[in-house]
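Undergrad: this is a predicted model, with the sequence first.
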Amino acid sequence: MRSIDKVVTHCAAALVAWALAAPVWAQDPAQQSDRQQTIKTEVSLVNIFATVRDKKKLIIPTLKKEDFRVFENDQEQKIAFFAAEKTLPVTLGLLIDTSPSEQYRLGAEQDAASRFLSHVLRKGDEAMVVSFDLDVDMLSDFTDDRAQLQRAIHHAQINGGGPMVTPGTLPSGPNGTHLYDAVWLICGEKLATEAGRKALVIITDAEDFGSKVSVTEAIEAAQRTNTVVHFLLVHDPGQGWRPDIAHKVADQTGGRVIEVSSEKHLQQAFDQISEELRSEYTLGYYPTNGARDGTFRKIKVETTDKDLKVLARKGYYAAKGSD
């Protein structure tokens, strides 16, 4: 496993890193050089990645720009950019729950995850592998080296074993599942500077014990970095699990929750996520509300066919600056 530097020095530094980053706002390089003179008239492009399914949950890949409607805070917006490009690179974070509740499933999860990355990654894509329990451990930084990713997946072990993303910065106890910390840190510290399609795929029962940040803060980190969060929800009968938490995070970021009850279903779930990642539409608009006030804006994406369901993030944070 490749040695890596510590990516976080303390929580405040991580907060600044993602709060100042603005991956959902695209600007022309020429405009950036004159930013101080043009800030009053500059309007930011908001990008949305959306997946559309029919009543049978089949993905619909053939829609056109005119088939979509986009609303911000209930005000319809004019779609300025549209694409249905399946080859757009993906930056993917694979998060594996290695708390004791997962010990009897870890081997099957590792095998399925290995097949998933082998299937989903294409030229130009990158992925990273992270485990979380008492700490958030980076097993492989972003790479397109499949062999390195495979080694990282199989290096995951119950209660950690890799270089910590947050050594000494987030409290640990004798027991813990730092799910919220993992989402918050990976989005803020690793995905904030990445462009294009970004996604987390998390294998977990979605129970959190001991995280420093809240689920709301974890969702905000994903929203600020335009990261879609998918959950493969695994649990043993009689053990605790939190489908409500998984659905809350996925719903707000445009991801999916797939409940997994067997090894066969685990592979099927990975196949569904793989299809989802390759069947997204990209929609962009310049908001009619041009205020650079840093506020959260609600987004709703729908199609002209009411029988179709759109999966997309529920909002974004506006840029911050002087008017």
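TA: Good, I have the coordinates.
Undergrad: how about low-confidence regions in the protein?
TA: For the chain, residues meeting the criterion pLDDT under 70 lie at 1-43, 160-175, 236-238, 322-323.
Undergrad: can you give me the strands for the stretch 51-200 of the chain?
TA: Here the stretch 51-200 of the chain has its strands, by DSSP state E, counting those that start in this stretch, at 68-72, 75-77, 79-83, 90-97, 126-132, 136-143, 197-204.
Undergrad: redo those as CSV? Include distance to residue 188 and mean neighbour count.
TA: In this view, the C-beta of every residue, glycine as well, is placed from N, C-alpha and C. Shown next, in CSV, are these (distance: least, C-beta to C-beta, whole Å; neighbours: other C-beta atoms under 10 Å):
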stretch, distance to residue 188, mean neighbour count
strand 68-72, 24, 18
strand 75-77, 27, 15
strand 79-83, 26, 15
strand 90-97, 12, 24
strand 126-132, 13, 26
strand 136-143, 12, 22
strand 197-204, 12, 25
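Undergrad: JSON lines for those, including distance to residue 287?
TA: Putting the strands of the stretch 51-200 of the chain into JSON lines (distance: least, C-beta to C-beta, whole Å) gives the following:
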{"stretch": "strand 68-72", "distance to residue 287": "5"}
{"stretch": "strand 75-77", "distance to residue 287": "6"}
{"stretch": "strand 79-83", "distance to residue 287": "10"}
{"stretch": "strand 90-97", "distance to residue 287": "25"}
{"stretch": "strand 126-132", "distance to residue 287": "30"}
{"stretch": "strand 136-143", "distance to residue 287": "30"}
{"stretch": "strand 197-204", "distance to residue 287": "21"}
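Undergrad: please name whichever of those is nearest to residue 307.
TA: strand 68-72 (14.6 Å; C-beta to C-beta).
Undergrad: counting contacts, what elements does that closest one pack onto?
TA: Here strand 68-72 is seen to pack against strand 45-53, strand 75-77, strand 79-83, strand 281-285, strand 296-303 when contacts are counted using 3 or more C-beta pairs under 8 Å, 6 or more residues apart in numbering; DSSP states H and E.
Undergrad: show me the one of those strands that comes nearest residue 228.
TA: Set against residue 228 and scored by C-beta to C-beta, those come closest in strand 45-53, at 6.5 Å.
Undergrad: got the residue ranges for the strands in the stretch 201-323 of the chain?
TA: 227-234, 257-260, 281-285, 296-303, 309-311, 315-317.
Undergrad: any idea which of the ones you listed is most buried?
TA: strand 227-234 (a mean of 26; mean count of other C-beta atoms under 10 Å).
Undergrad: quick one, that one and strand 45-53 angle?
TA: 30 degrees (axes from the mean of the first three to the mean of the last three C-alpha atoms, to 10 degrees).
Undergrad: which residues sit against strand 227-234?
TA: For strand 227-234, the external contacting residues (C-beta atoms under 8 Å, 6 or more residues apart in numbering) are 49, 102, 105, 109, 183, 187, 191, 197-206, 221-222, 241, 243, 246, 249-250, 253-260, 266, 269-270, 273, 276, 313.
Undergrad: if anything else comes up later, I'll come back, but that's it for now.
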